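Novice: fold the stuff below for me.
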Amino acid sequence: MPRDAVTALTASEAKALFADLASADALVLAVSGGPDSTALMWLAARWRQALKKGPELVAVTVDHGLRAASKREARDVAGLAKELGIAHRILRWSGVKPKTGLPQAAREARYRLLAQAAGKAGASHVLTAHTRDDQAETVVMRMSRGSGLSGLAAMQRVSPLPGEAGGAPFLVRPLLEVPKTRLIATLEAAAIGFADDPTNRDAAFTRARLRGLMPRLAAEGLDAARLALLARRLARADAALEAAVDVVWRGLAGAGQRPPLVFETADLVRIPGEIRLRLIGRAIDAVGSEGPVELGKLEALVAGLAEALGSGIRWRRSLAGALVTLHRDKVSVETAPPRRTGHGRGRRNALTKGRPKRARAAKSR
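Specialist: Model prediction:
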């Protein structure tokens, strides 16, 4: 391991991590009490103290109530926040916990509570302590699930807070390029303790199992630094493709066009396959009623459309609450009508028999 990967972060490095947030009125820091988030709070406090004028810092600990030690850990965070001169709030995830899908449910609850805290504090940004190690694990996890280019780009430094419409408050990951080892070294140099969450090593959870594989991958040269580099390069490529789709969208869909969105088949045939895939996906997201479309299902729909474009037959499919129809020289995308109930349920799509019927909408991920 390089020597600089185990040295404490300097004051100048901390300043650079938070510099673009200096004009904010308030910032919410998500602090669980583990080493990463504790380092985030300590570094942010040191950065803020060096400013003559800057944002109010509010540390928020979400107690999911899943471990006996969580209450004590939340109190420990409150004590450290007081020492650092930072306001602190403890928010609890109440209610019945699901028996399956617990990590995802806990994540959604955490972001929901953080968004509420940001609203009360007047904070424009919520800061989390995701590190370079977390980024690498996310890349491997998404590879295991067969994610596309956008998914493999993994986490971005700034993104909309999950579950919040309009992107406000924003989620910021200041430590995304920082190795976890440097954060631990920073806390050790400052003589600051932190909690250890055993669930991070619990093999019942996918991320924990993949985390256990990371040393073996690193031994083959696929360490966190290279996986994070891969994510940055894929994010750059993904942004370029999205910019290309923007240009095509404006040219084909037209500014301000209302549903149904209509595309000329000749235009769809001549554009590259990835651009066509994203264009149709964007149209479905724009008019669909069932949330973001799943990539695999979108790929299947666009493959079917491409086949139909070459045959000249009338073709129709529904996906994510949107209806895609091929009419000879045009393709329309509109909101799908409500699903049928009763005696109509379970019938096969009659398009294969020469008579168009509405296909069952695909369930989004």
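
Novice: where does the chain have low pLDDT?
Specialist: 1-5, 165-167, 254-256, 341-365 (pLDDT under 70).

Novice: which helix of this protein spans the most residues?
Specialist: helix 224-252 (DSSP state H).

Novice: distance between that one and the chain's centre?
Specialist: Offset of helix 224-252 from its chain centre (CA atoms, centre = their mean, to the nearest Å): 15 Å.

Novice: buried set for it?
Specialist: 224-225, 227-228, 230-231, 234-235, 238, 241, 244-245, 248-249, 252 (16 or more other CB atoms under 10 Å). For every residue, glycine as well, the C-beta is placed using N, CA and C.

Novice: pretty sure Ala129 sits against Ser37.
Specialist: Yes: the criterion here is CB atoms under 8 Å, and Ala129 meets it with Ser37 at 4.1 Å.

Novice: intersection of neighbour lists for these two?
Specialist: 30-31 (CB atoms under 8 Å, 6 or more residues apart in numbering).

Novice: pull the contacting residues for Thr186.
Specialist: 8-9, 39, 42-43.

Novice: please produce a markdown table containing these, extended by neighbour count.
Specialist: As requested, these are exported to a markdown table (neighbours: other CB atoms under 10 Å):
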| residue | neighbour count |
| --- | --- |
| Ala8 | 15 |
| Leu9 | 20 |
| Ala39 | 28 |
| Trp42 | 24 |
| Leu43 | 26 |
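
Novice: among those, name the ones in helices.
Specialist: 39, 42-43.

Novice: contacts for stretch 281-301?
Specialist: So stretch 281-301 is in contact with 146-148, 151, 245, 249, 253, 259-261, 263, 277, 280, 302, 317, 319-322, 324, 333-336, 361-365, going by CB under 8 Å, 6+ apart.

Novice: related to what we said a few turns ago, with respect to His125, which of the buried residues of helix 224-252 is nearest?
Specialist: Relative to His125, the closest of the buried residues of helix 224-252 is Ala235; by CB to CB it sits at 19.7 Å.

Novice: could you find the closest non-adjacent residue to that closest one?
Specialist: Ala153 (3.8 Å; CB to CB, 6 or more residues apart in numbering).

Novice: how many residues are close by Ser159?
Specialist: 12 (other CB atoms under 10 Å).

Novice: break the chain into its domains for me.
Specialist: Following automatic domain parsing, one gets these domains for the chain: 3-233, 256-353.

Novice: about what we covered before: quick one: which of the ones in helices among the contacts of Thr186 is nearest Ala22?
Specialist: Leu43 (14.1 Å).

Novice: please report the distance of the closest one from Leu183.
Specialist: Leu43 is 8 Å from Leu183, where distance means CB to CB, to the nearest Å.
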